[in-house]
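J.: model this:
(one chain, ligands or ions: 1)
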Amino acid sequence: MSIALCPGSFDPITNGHLDVIRRAAGIFDKVLVTVFHNPRKTPLFTIPERMQMAREATADIPNVEVDSCDGLLVEYARSRGVNVIVKGLRAVSDFETEFQMAQMNRELEPSIETMFIMTKTENLFLSSRIIKEIVFLGGDVSRFVPPVVNTMLQKKKEGS
Ligand code: PNS
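T.: A predicted model of the protein is given here:
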């Protein structure tokens, strides 16, 4: 069975992430969407909140499983029998970081490959960071995120 891992902070999951997940689910038998703790970022949502949003947003894709991890990506991938790490690539600006992570992950675990899915043009400009900024400045992000995320973002804004 081919198992792909789509890792990320998913703070929160956007339509851009969902497009990559959906396309990966069409290629691999199973896709793990795993919410990682990223020590370089201060998240808006807790890991359980991010998992809940990812679960609801992917509920219609039968071969997707949502999970979380606060450890090393390659250790997790090995423990879950993952063959391929799948990442979305938006623009040249993503390339340097993604290239560095892919190289390092291969050093750490040569048997796991990293593959990139090029984002659709309409999602080129999308990022979780920009979505949060727009919401907190009073903008409408409903066409960029799944409904559950839009609701959760509004709740966070009202509670802040
Ligand atoms: O959505 P993000 O924040 O761009 O995702 C980054 C993520 C979570 C994929 C990356 O930080 C990661 O792989 N974290 C797991 C910890 C790890 O293995 N770090 C070394 C990567 S070379």
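
J.: ok, N38 - how many residues close by?
T.: Number of residues near N38 (other Cβ atoms under 10 Å) recorded here: 14. Where you see a C-beta, it was placed from the backbone N, CA and C, and this is true even at glycine.

J.: Can you tell me whether I have it right that it is in a strand?
T.: No: judged by DSSP: H, G, I helix; E, B strand; the rest coil, N38 forms no part of a strand; its state is coil.

J.: Quick one: the strands in this protein, in order.
T.: With strands called from DSSP state E, the chain shows them at 3-8, 30-36, 64-69, 84-89, 113-118.

J.: Mean neighbour count, the ones you listed: which tops it?
T.: Comparing the strands of the chain by mean neighbour count (mean count of other Cβ atoms under 10 Å), strand 30-36 ranks first with a mean of 24.

J.: in the protein, what secondary structure element scores lowest on mean pLDDT?
T.: helix 92-108 (a mean of 94; mean pLDDT, DSSP states H and E).

J.: From the contact counts, what lies against that one?
T.: For helix 92-108, the helices and strands in contact under the criterion 3 or more Cβ pairs under 8 Å, 6 or more residues apart in numbering; DSSP states H and E are helix 73-79, strand 84-89, strand 113-118.

J.: Work out the gap between it and the centre of the chain.
T.: 16 Å (Cα atoms, centre = their mean, to the nearest Å).

J.: re the thing from before, dump the strands of the chain into JSON lines; add distance to the ligand and mean pLDDT as well.
T.: Converted to JSON lines, these look like this (distance: least, Cβ to the nearest ligand atom, whole Å; pLDDT from 0 to 100):
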{"stretch": "strand 3-8", "distance to the ligand": "3", "mean pLDDT": "98"}
{"stretch": "strand 30-36", "distance to the ligand": "3", "mean pLDDT": "98"}
{"stretch": "strand 64-69", "distance to the ligand": "7", "mean pLDDT": "98"}
{"stretch": "strand 84-89", "distance to the ligand": "7", "mean pLDDT": "97"}
{"stretch": "strand 113-118", "distance to the ligand": "10", "mean pLDDT": "97"}
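
J.: got TSV for those strands, with distance to R50 too?
T.: Output for these, formatted as TSV (distance: least, Cβ to Cβ, whole Å):
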stretch	distance to R50
strand 3-8	9
strand 30-36	5
strand 64-69	8
strand 84-89	17
strand 113-118	21
